[in-house]
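Trainee: Pasting the sequence and the predicted model now:
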Amino acid sequence: ILQTVRGHELRNGQKEPRLLSLLECSGQFKLDILANPEAIVLSPVPQLSIPINNHFQIVREAEEALLIDISINTTVRVRLQGEQTPELLLELQDDVHTQSFLQHVTKAKQQAEKKSSQPRKMEPVVPVPVKDCIPVPPQRGTSKSTSNKINNSTLVKPPNTDSGLSMTTDFGFEEKKNQQNRIVAQREPPPPPLPPLPPRKGTYTPSNNLTAGPTTKERPPSAQNSKSVRNELQSVTPSNYTMRQAMMSSHTGSREGLLKYRLNKKEKEYVDIKNFRFFIGTWNVNGQSPDSSLKPWLCCDPDPPDVYALGFQELDLSTEAFFYMDSSKEQLWVDAVERSLHHKARYKQIRIIRLVGMMLVVYVNEEHQHHIREVASESVGTGLMNKMGNKGGVAVRFVFHNTSFCFVNSHLAAHVDDYERRNQDYKDICARMSFHLLEYPPLSIVKHDVVIWLGDLNYRLCFPDAGEVKKLIASKELRKLQEYDQLNIQRNTKRAFTDFMEGEINFWPTYKYDAKSDRWDSSGKCRVPAWCDRILWRGSSVKQLHYRSHMELKTSDHKPVSSLFSIGVKMVIEQRYKKVFEEIVRDMDRLENDFLPSLSLTQREFTFENVKFRQLQRRSFLITNDGQVACTFAFIPKLNDSQYCKPWLRAEPSEGVLDPNEAMEIFLEVYVSKDSVMLLNSGVDKIEDILVLHLDRGKDYFITIAGNYLPSCFGTSLETLCRMKKPIREIPITKLIDLVRHEEKCRINFLLYNDGTEDKPLRIPKEVWLLVNHLYTKACQQEDLFQTPGLQDDLQNIIDCLDTSIPESIPGSNHSVAEALLIFLEALPEPVLCYELYQRCLECSHDSRLCKQLISQLPRAHRNVFRYLMAFLRELLKHSIDNNLNANLLASLFASLLIRPPPNLAGKQTQHDRQKTNDFILGFLMGGDED
């Protein structure tokens, strides 16, 4: 599997969730489409497989988006058609992941067109010999039976995925009577918690459906450790296997899921450990091109490693790399790497991924390439509003023999004092990074046996005197210096990288040097030396052999770092595996014929009090298997619903397996994002829901959710806010709902100060004035304003402050106030430039006179806010030398918030359309608005 992406198929005016996967084997490509990958249906929906050959067609209705674009719910529509398959119209999220996926599909088609012969029938990515297939218990009828005899004839062969011709008429679903919850808005992630510890021994918590909506990256994924079950067999990894899929079809499907789960728990009985050598490297190259051989870094040991994982940061600092996907320097560094790999072995690249300047490339010794499977990659930007990719992480995961690996390369926030922002970046990456594999639910970072985290983590020394630091380095008192190392302090206080280990550092700090030399920074800033570049790990059977820097390479202001590991990999012993398998099958036959599953719950009613915008609340309860057999559970959608809960609610885990007398804690999370806040503010939705916990071959349990929501100015319309001279929390909820519903018809005098005259609404919402005035008076010269994210605690305090008071000053840092302004604009139910004028905006973007005329036609509140913001942004540009802002950056950022396409046009917005919206804003920034 080269890459996967989630989306929807548009059929007869409805949307159906789909999972698209690009597969390759022996130079042949195909596109697999899995129908309804998350919801439970009465029978499994077959998979459509489209060979990528001369007959394959792909047409994008929207071009690739700018990376900086942060408009909400943007999508891209793609039309697909293959040989003897109908045309499909698909809607995908318009993000970096989708762009990369479409690029891979386009390249696959280009390669296919170069071949004159017809493509052969596709095989699994890793060829699976028949002798290694998994035995599956024979089918049984409804009557009781004795244990069935296991023989070699009951082997499951690799699935034939070339079934597209037979399923073209079966791909859609029946029409649902109630369409209310068929399309669920995305949910942005809450402030992510610290990554949880590995699961308790012996407990299996399957991967879960992460959100109530179709997009899984909007919520932090579950974080449990992962163990795979089978080597070179049917790609069976119970920790990855979704119990929801096991329950989708018949009793046989559920039985196989339980079988895999129990095999996983007995894994130690049929696996042996063999050590392999892993070379991990990281280098911040400061936007430079390679100017010397990399052998001193990559070929510094006598014996060749089995696997290379190499991370780069600041690969390309150009504007093109920041705004677009392409970088001219990517191939230069890849070529330099491949020329310098160990000469005693031949290596094959298994995956490369890049996000702006962060790149991760993984190579494996050719001797082992057939033992690598389930390869996937992902990226997470932690820049402004969690979408800009100048900071963040890229990752590659795979299964080697029977052990799962995840490599994360990250570039965290800079500046000496911003260690809390680095901690937040780490938590964001852990919470939002998830890998999408065909037929598996999303996998988080910690759901792997071995995780290696590398990169420019940017943690500095809490030691302000650069001269004293250099003296301690020269006298080799490195251990004393490491007492001031921020990463060590954050790990020891359990604020970041809590579960990770790091080897002893015996090398000099790797930052900062004068370029092309070994001299410490001699610039005016004279930065304090620091160990910014680090390699950490978590997992069992990991032994670090070397941890070192490489002073010979002088290309950058950083020095490269490497670590050589000996890692124990689980290898299945076939005969022992077969014996364990047969024992489990016999035991399952006996128990399933005699007993039915049963659960007990410690609580079934939950109340969430005072729910707020962007503030996570959690409750938990225990479920216990009080029956005699293992049971499979999952939260399922109610009748006529496509999701098991409302968008602001999530159960974690949402599915799993319990052995007899085993208990599991279930967490219920309530989080109101920009996509659900409007309905709650207006009273259309309430904190009320009922969850259905389904027990396979058993009964359903109902869990009641109730609570109260505190309205927020975030997600409230500009017109409504202009009629509120008091904070929104001081307004009676019944009157607030009435105002929201009838804002154009009603004048509610109790909302205003009564001075005996007819009251007029505010010219602009007081919340906009408070945020902008703070930035205008205190942040015009703030370095990297609107480019550095704020802190989650600050953002919550700012939201609470605006909802409950009219403060004299806004709490939090300037960066947090700036991001709060952007969040406010993003959450508006109607953008500043109204939906109905969007098309006219595109048409007149080339003519400043027409643009000004259009603004004059906006409703009063919208017109005043637009002009106020433009005046503020023009003032910021007067201080561009200090704040590092430019007109193009501000235009791109604010155009995506102020000029959003109507929901029915979001999927049709092209890059050309985006450029027009940028030009529209740019005209006001450069030319002004005399009105």
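Mentor: Yep, that arrived.

Trainee: Assign a three-state SS to residue 80, would you?
Mentor: Of the three states, residue 80 takes strand according to DSSP: H, G, I helix; E, B strand; the rest coil.

Trainee: Show me the helices in the stretch 701-850 of the chain, by range?
Mentor: Under the criterion DSSP state H, counting those that start in this stretch, the stretch 701-850 of the chain contains helices at 718-722, 733-741, 766-778, 792-804, 814-827, 838-844, 848-856.

Trainee: Reformat the ones you listed as a markdown table; add mean neighbour count.
Mentor: From N, CA and C alone the C-beta is placed, and that goes for glycine too. Putting the helices of the stretch 701-850 of the chain into a markdown table (neighbours: other CB atoms under 10 Å) gives the following:
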| stretch | mean neighbour count |
| --- | --- |
| helix 718-722 | 22 |
| helix 733-741 | 16 |
| helix 766-778 | 19 |
| helix 792-804 | 20 |
| helix 814-827 | 23 |
| helix 838-844 | 17 |
| helix 848-856 | 16 |
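
Trainee: And these, which one averages the lowest pLDDT?
Mentor: Lowest mean pLDDT within those: helix 733-741, at a mean of 64.

Trainee: give me the low-pLDDT residue ranges for the stretch 251-400 of the chain?
Mentor: 251-254, 319-326, 386-389 (pLDDT under 70).

Trainee: at 90 what do you get?
Mentor: For the stretch 251-400 of the chain, the stretches flagged by pLDDT under 90 are 251-265, 316-328, 356-357, 381-391.

Trainee: re earlier: nearest to residue 590, of the helices of the stretch 701-850 of the chain?
Mentor: Closest to residue 590 of those is helix 792-804 (CB to CB; 52.2 Å).

Trainee: What lies in contact with the closest one?
Mentor: Outside helix 792-804, the residues within contact range by CB atoms under 8 Å, 6 or more residues apart in numbering are 191, 424, 612-615, 710-714, 727-730, 767, 770-771, 807, 810-813, 816-817, 819-820, 823.

Trainee: Over to stretch 854-872?
Mentor: For stretch 854-872, contacts defined as CB under 8 Å, 6+ apart pick out 718-719, 721-722, 761, 763-765, 768-769, 772, 775-776, 830, 832-834, 837, 840-841, 844, 894, 898, 921, 924-925, 929, 931.

Trainee: With stretch 456-472 instead?
Mentor: 282, 284, 313-314, 410-414, 416, 419, 422, 478, 480-481, 484-487, 489-490, 509, 511, 520, 526-534, 558.

Trainee: hmm, 7 Å instead?
Mentor: 284, 313, 410-414, 416, 419, 422, 480-481, 484-487, 520, 526, 528-530, 532-534, 558 (CB atoms under 7 Å, 6 or more residues apart in numbering).

Trainee: Among these, which ones are in helices?
Mentor: Using DSSP state H, the subset of the contacts of stretch 456-472 located in helices is 419, 422, 480, 481, 486, 487.

Trainee: ok, how many other residues are close to the fourth one?
Mentor: Residue 481 is surrounded by 20 other residues when neighbours are defined as other CB atoms under 10 Å.

Trainee: So what's the residue count around residue 289?
Mentor: Applying other CB under 10 Å, we find 13 residues neighbouring residue 289.

Trainee: returning to that earlier point: wait, which of the helices of the stretch 701-850 of the chain is closest to residue 784?
Mentor: Closest to residue 784 of the helices of the stretch 701-850 of the chain, according to CB to CB: helix 814-827, at 7.8 Å.

Trainee: and the angle from that closest one to helix 766-778?
Mentor: 150 degrees (axes from the mean of the first three to the mean of the last three CA atoms, to 10 degrees).

Trainee: Quick check: nearest residue in space to residue 784, chain neighbours excluded?
Mentor: Among residues not flanking residue 784 along the chain, residue 884 sits closest, at 5.4 Å (CB to CB, 6 or more residues apart in numbering).

Trainee: still on that earlier bit, are any of the contacts of helix 792-804 buried, and which?
Mentor: When the contacts of helix 792-804 are checked for burial by 16 or more other CB atoms under 10 Å, the buried set is 191, 424, 612-615, 710-714, 727-729, 767, 770-771, 810, 812-813, 816-817, 819-820, 823.

Trainee: related to what we said a few turns ago, using CSV, lay out the helices of the stretch 701-850 of the chain together with distance to residue 570.
Mentor: Supplementary listing: the helices of the stretch 701-850 of the chain in CSV, determined by distance: least, CB to CB, whole Å:
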stretch, distance to residue 570
helix 718-722, 58
helix 733-741, 57
helix 766-778, 54
helix 792-804, 38
helix 814-827, 44
helix 838-844, 55
helix 848-856, 63
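
Trainee: Among those helices, which comes closest to residue 96?
Mentor: Minimum separation from residue 96 across the helices of the stretch 701-850 of the chain (CB to CB) falls at helix 814-827, 18.3 Å.
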